[in-house]
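Colleague: here's a sequence, model it:
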Amino acid sequence: MKNIFLLFISAIVLLGFNSCDPNEEIYDDLPNYDSVRLANIDKIQPVENYTLTEEDYELSSNESVANYHNFSESSPADEYLAEIIDQLFLAEPGAEVEINYDFYNPLYVGDTLQAYELDTSDYTNSYNNFDDYDDIYIFLQGYISNAGRGDIIDLTYRWYDGYTDTLTNTFVYLGNDDWSITYVLNNDDYEAMEMTNYPNFSDIDVARHRIAIYLETLNTDVMEYQYAEEGDEAFILYDLYDDGLSQNIMHLNKGEYEWNVIGSLIQKTAALTASSEGWSFVPPIEFIESDKAPTREYTLTESDYELVGNGNYYNFDVRPGANEELLSVRIDKISTILKANFSDLAVGDVFLVHYDIYNGSNETWDITLEAIAKE
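Modeller: Below is the predicted model of the structure:
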């Protein structure tokens, strides 16, 4: 009896030792499909549109993104967004999702470029003047090739608005070849906003509040702010004193009833596509039929047909009245397949695609598709 008791105790001790093995070893012994299931246990099915939460940003490996809950020029979404989505959504090959995220995009006054006065050779019309700001912006794009975001320039030009006048105004470079005219506050403007001691602000919140209200009654040769329509934008240069005088720029947007200051955080939307390797950040792309020379070539596989619901016969049925009779339907399905297989898709890629069809007999057809930016 004593020996039986000792045997029983030994078995319990051995069982205790075995139960101390780490979970990682258990997971390593699971079949592959179980390991995948465990890795995806907290993920959800992809949705059409999703807005990141603060908790989502904290999943990022980038310290700035995780701490400040936004992306920025130094921590771009195209590098750090996909890793977050990989932890949130199941990567079903071919799936697409639009992600709304915050982007930190402050606009600071950069360099003041040398002022310029246009001569007759600078104008593109026979009247030697401008009557549309877009024409001025086009001129600046060609005249200044190395501007930095926030750089400003004083431009003197002839302007036609019922009659021709010579104007001098300030323009700011917004990046991505975009310029905008700005209004520079003068002494009269500060006095009108009850900044009577000095022609500047000493508190940025006061500046935002008063400038937004002031624009409701302001009309200048830059813009008739008083009569602006909903959606119009304005850029205002103002002086701020904070341990020294500095020039600042304010971006405003006209709402339904009032001007609203646009802060440094803006919301952007990105498109991500899932493949067997996970989620990848891609520019919004669509495919159109093209006669350009192919840069890439691909032949559809059985798994490709399964992906788009054609796994029974592994082809497209193009008979009259059949599912893939229309070319547009085939292009949509092939587009889904290409996005699922190529995480490095780029605008300008031209694919020669070979695919099987059934039209009463089995054949292989070709189509050339070009990747273009989706509007």
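
Colleague: next, count neighbours for Ile213.
Modeller: 13 (other CB atoms under 10 Å). For the C-beta atoms, the positions are set from N, CA and C on the backbone; glycine is no exception.

Colleague: would you mind measuring from it to Ser290?
Modeller: 53 Å (CB to CB, to the nearest Å).

Colleague: repeat that for Val172.
Modeller: Taking CB to CB, one finds Val172 at 39 Å from Ser290.

Colleague: quick one: which of these two has more around it?
Modeller: Neighbour count, other CB under 10 Å: between Val172 and Ser290, Val172 has more, with 22 against 16.

Colleague: got the contact list for the more buried one?
Modeller: By CB atoms under 8 Å, 6 or more residues apart in numbering, Val172 lies in contact with 107, 109, 150-152, 179-180, 182, 235, 237, 249.

Colleague: between these, which sits nearest Pro199?
Modeller: Leu237 (12.6 Å; CB to CB).

Colleague: contacts only, for that closest one.
Modeller: Contacts of Leu237 (CB under 8 Å, 6+ apart): 109, 152, 170, 172, 182-185, 247-250.

Colleague: filter the residues you listed down to the buried ones.
Modeller: Among the contacts of Leu237, those classed as buried by 16 or more other CB atoms under 10 Å are 152, 170, 172, 182-185, 248-250.

Colleague: pick the one among those residues closest to Leu307.
Modeller: Val172 (47.7 Å).

Colleague: what does the pLDDT read for the closest one?
Modeller: Here the pLDDT value assigned to Val172 is 97.

Colleague: what of the one 5 residues further on?
Modeller: As predicted, Asp177 sits at a pLDDT of 90.

Colleague: what residues does stretch 216-236 touch?
Modeller: Against stretch 216-236 from outside (CB under 8 Å, 6+ apart): 159, 165, 167, 169, 172, 180-185, 189, 211, 215, 249-256, 258-259.

Colleague: now the buried members of the residues you listed.
Modeller: 159, 169, 172, 180-185, 189, 211, 215, 249-252, 254, 259.

Colleague: and these, which of them are in strands?
Modeller: 159, 169, 172, 180-184, 249-252, 254, 259 (DSSP state E).

Colleague: reformat these as a markdown table; add distance to Ile357.
Modeller: A markdown table is the format used below for these (distance: CB to CB, whole Å):
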| residue | distance to Ile357 |
| --- | --- |
| Trp159 | 61 |
| Asn169 | 61 |
| Val172 | 55 |
| Ser180 | 52 |
| Ile181 | 56 |
| Thr182 | 58 |
| Tyr183 | 62 |
| Val184 | 65 |
| Ile249 | 58 |
| Met250 | 59 |
| His251 | 53 |
| Leu252 | 56 |
| Lys254 | 54 |
| Trp259 | 58 |
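
Colleague: just those residues now: which is nearest Gly94?
Modeller: His251 (38.9 Å).

Colleague: find the nearest non-adjacent residue to Tyr238, please.
Modeller: Spatial nearest neighbour of Tyr238, chain neighbours left out: Leu185 (4.8 Å); criterion: CB to CB, 6 or more residues apart in numbering.

Colleague: how much space is there between the one you found and Leu155?
Modeller: Relative to Leu155, Leu185 is positioned 18 Å away (CB to CB).

Colleague: for Leu327, same thing?
Modeller: To Leu155, Leu327 is 50 Å away according to CB to CB.

Colleague: any chance you could map the strands in the stretch 1-150 of the chain?
Modeller: With DSSP state E, counting those that start in this stretch as the criterion, the stretch 1-150 of the chain has strands at 49-51, 71-72, 96-104, 116-117.

Colleague: where are the low-confidence patches of the protein?
Modeller: For the chain, the stretches with pLDDT under 70 are 1-41, 283.

Colleague: can you spell out the domain ranges of it, please?
Modeller: 1-41, 116-183, 185-263, 283-373 (automatic domain parsing).

Colleague: nearest to Tyr80, out of those domains?
Modeller: Across these, closest to Tyr80 is domain 283-373 (CB to CB), at 15.7 Å.

Colleague: and that closest one, how far from the chain's centre?
Modeller: 27 Å (CA atoms, centre = their mean, to the nearest Å).

Colleague: so which bits of stretch 137-154 are buried?
Modeller: Quick answer for stretch 137-154 (16+ other CB under 10 Å): 137, 139-140, 144, 147, 149-153.

Colleague: repeat for stretch 291-298
Modeller: 294, 298.

Colleague: circling back: which one of the buried residues of stretch 137-154 is nearest Pro46?
Modeller: Using CB to CB, Arg149 comes nearest to Pro46 of these, at 34.3 Å.

Colleague: which strand residues bridge the closest residue to that closest one other than its chain neighbours?
Modeller: Using CB to CB, 6+ apart and skipping residues adjacent in sequence, the residue nearest Arg149 is Gly175, 4.1 Å away. Taking DSSP bridges as the rule, Gly175 bridges to Asp178.

Colleague: and the buried residues of stretch 137-154, which is closest to Leu90?
Modeller: Relative to Leu90, the closest of the buried residues of stretch 137-154 is Arg149; by CB to CB it sits at 38.3 Å.

Colleague: so the closest one makes contact with Pro106?
Modeller: No: under the criterion of CB atoms under 8 Å, Arg149 is not in contact with Pro106, lying 9.7 Å apart.

Colleague: ok, Asp86 - contacts?
Modeller: Residues near Asp86 by CB under 8 Å, 6+ apart: 278-279.

Colleague: ok, it to Glu96 distance?
Modeller: In this view, Asp86 and Glu96 are 15 Å apart by CB to CB.

Colleague: circling back: winner for burial among the strands of the stretch 1-150 of the chain?
Modeller: strand 71-72 (a mean of 22; mean count of other CB atoms under 10 Å).

Colleague: sorry, back to before: turn the contacts of Leu237 into CSV, columns for distance to Glu306.
Modeller: CSV is the format used below for these (distance: CB to CB, whole Å):
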residue, distance to Glu306
Val109, 56
Ile152, 57
Thr170, 60
Val172, 53
Thr182, 56
Tyr183, 60
Val184, 63
Leu185, 64
Gln247, 61
Asn248, 58
Ile249, 54
Met250, 55
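
Colleague: sweet, I'm off.
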